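Visitor: Need coordinates for the following:
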Amino acid sequence: MHWLFLLLALGCFGLALKTPQWGLMLLALLGALVFLLIWVRGMYVARFGTLQRDISSVIDPAELRRLREQAQARRQTGADDTDTP
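Guide: Numbers count the residues shown, from 1 in each chain. Below you'll find the model as predicted:
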């Protein structure tokens, strides 16, 4: 669907190149810019997914603290293993 906006932008740009009137040319160039921006937004959404952030993937503070404690314990265990010959 977003490819339609690219075609519309190209059509507006072609109209701007062919028209002899300044007002219509500016309006067509503005339309081409708007359609081009809408196309870029559509490409972004199609490639990277929705614009909304998935809140279920956020780690709560208690889980983050638990993961930090586990990492610190692993570091201390690794340091203790390297100190002994």
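Visitor: which regions of the chain sit below the pLDDT cut-off?
Guide: For the chain, the stretches flagged by pLDDT under 70 are 50-56, 81-85.
Visitor: try 80
Guide: For the chain, the stretches with pLDDT under 80 are 49-58, 78-85.
Visitor: What ranges does it have for its helices?
Guide: 2-18, 22-48, 61-83 (DSSP state H).
Visitor: now those helices in a markdown table, with mean neighbour count?
Guide: (Each C-beta comes from the backbone N, C-alpha and C, glycine too.) Compiled in a markdown table, the helices of the chain are given as follows (neighbours: other Cβ atoms under 10 Å):
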| stretch | mean neighbour count |
| --- | --- |
| helix 2-18 | 15 |
| helix 22-48 | 14 |
| helix 61-83 | 10 |
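Visitor: send the alpha carbons of stretch 18-27 over as CSV?
Guide: Extracted in CSV, the C-alpha atoms of stretch 18-27 (Å, rounded to 0.1, in the frame of the first residue of the first chain):
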residue,chain,number,x,y,z
LYS,A,18,5.3,19.8,-17.2
THR,A,19,3.0,22.7,-16.0
PRO,A,20,3.7,26.2,-17.1
GLN,A,21,1.9,27.8,-14.1
TRP,A,22,3.9,28.7,-11.0
GLY,A,23,1.0,28.2,-8.6
LEU,A,24,0.2,24.7,-9.9
MET,A,25,3.9,23.8,-9.9
LEU,A,26,4.4,24.8,-6.3
LEU,A,27,1.3,22.9,-5.3
